[in-house]
Structure formats: C-alpha cells, structure tokens
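> Need coordinates for the below:
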Amino acid sequence: MSGSEPSSRERERIIDVQTHFVPASAARLLADYGASGGSFAGLAPNVTAAAPIRGLGDRLLAMDLAGVDVSVLSFAPLSGIADPRFHASLCRAANDGLLEACAAHPDRFVMTAVLPLGSPSAALAELDRIAGEDALRAMQVVAGETLYRPEEGGFEACAAVSAELGLPVLLHPSAGTSDLAPEFDVYGLGSGMHAMVSHALVAARVIQPGMLDRIPRLELVLTH
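From the prediction side, this is the model:
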C-alpha cells in the first residue's frame, strides 16, 4: 500500500442505526399525559432525566469510544396511546427534538421520523411537514403501533410516501409491553421473546398480503 492510499478505516464509516433518544419536550408531554391518567407502553416513560437516552453527551462519548461515526437517532419505542390528538402532538414534539439534536451535531447525527399511525391523515401530515429536512433518513414504525395488522391501518399509505421520498422504513419490535398473550408476562419473556415475535408478525403481515409488490421501492429494515 502506498503512503497516499487511504486505509480501510479511512474509507469506511461506521453508522449505528439503533440509537434511541427522548427529547426534553417529548418527555414533558409524556409526563403530563401520564399524570392526567393517560396510558402508554414502551421505553420512553421509564427513563429518568439523567439517563443517557435523555441526553447526547454520554451518547457522543460512547460513539467515540466505540468508533461510531454517525448515529441515526430515533424516538424511544412507544405504543398504546389512545388519544389521537395527544399522539400527534407527541410525534411532532419528538420529531422537532430529534431535528434539533441533529442540527446541533450535524456531522454525528441523522434521524428517523416517528408518526401517529393510528390516525392516517395525521401521520401523513406529519411526514409531509418534515419531509424536506436534510437530517431525515427514515421512518420508524413500532410493531405495536400497527396493532399487529399493518395491512389494515394507515401503515401502507405512509410506507408508500416514504418510498416516494426514498426513506427506508425501520420496523422496531414493541418494547416494555406483552400484549399478544398472557404467557409472555412471566420470566422476562415480554422483553425477550415477545419483541421478536411481535416484530416477525408485523413483517410477515407486510410481506404476505403483497405490500412489497404494491410498493416496489419500499426499503423495509428489520432492526432486530
């Protein structure tokens, strides 16, 4: 190798696509919603303000130690929100917080959108609102948000728009919940086996009804 030829490490960049972040504005909305009796499930409500998932300093340090060049920020997986207006407001706050984080460190972070899939019109409106942002790289879908029936809800319409925009869809398992069967409620199976089962179930119900044939440009990324 000549002295001017770049090494393999200089040619390649390491990108982490599984980096959850809970912006302060979204955390406040969740806290207020929970205090008023609202219910939800997932990782976001279960972290303190000092947790690494709530800040970027520890994450940047960890990235440096691990040799990660860029992390793709996504909102911590959440599901089970029954109030459509709150859900739309939460997704807006989360996306704005993710974009602010990327703007503060544009060489280290890009982001995925979180959408209120339970309300297709609101989900499409939110995707349209941020579609032109340079930091936007994908759309994240939590399995439970589709009610495990992605072919019956608003997922396909959002997936079609994502494909038109060239944005992959990252499918994430449900987290912090065991809502498929009570057998998952013991021995830690909710965070172990349930995550993989819910993930595979939604992926299968995207593939088997022919959604990938109807949206041939859709890039579906199974993160687990």
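> how far away is the most centrally placed residue in the chain from residue 169?
Nearest to the geometric centre of the chain sits residue 140, at 3.6 Å (CA atoms, centre = their mean). Between residue 140 and residue 169 the distance is 8 Å, computed by CB to CB, to the nearest Å. To be clear about C-beta, it is placed using only N, CA and C from the backbone, and glycine gets the same treatment.
> How about residue 18?
15 Å.
> So for these two, which residue has more residues nearby?
residue 169 (23 against 11; other CB atoms under 10 Å).
> Do I have it right that the more buried one meets residue 223?
No: counting by CB atoms under 8 Å, residue 169 stays clear of residue 223, with 10.6 Å between them.
> Does anything pack onto the longest helix seen in the chain? Which helices or strands?
Longest helix of the chain, by residue count under DSSP state H: helix 84-104. Packing contacts for helix 84-104, counted by 3 or more CB pairs under 8 Å, 6 or more residues apart in numbering; DSSP states H and E, involve strand 15-21, helix 24-35, strand 70-75, strand 109-114, helix 120-130.
> what residues does the first one touch?
Identification of contacts with strand 15-21 by CB atoms under 8 Å, 6 or more residues apart in numbering yields 43, 53-54, 56, 59, 63, 68-77, 97-98, 101, 170, 221, 223.
> same deal with the second one?
Counting by CB under 8 Å, 6+ apart, the neighbours of helix 24-35 from elsewhere in the structure are 40, 44-45, 49, 54, 75, 83, 86, 89-90, 93-94, 96-97.
> same thing but at 7 Å, please
44, 45, 54, 75, 86, 89, 90, 93, 94, 96, 97 (CB atoms under 7 Å, 6 or more residues apart in numbering).
> unless I'm mixing things up, residue 215 is touching residue 163, no?
Yes: counting by CB atoms under 7 Å, residue 215 does reach residue 163; the two are 5.0 Å apart.
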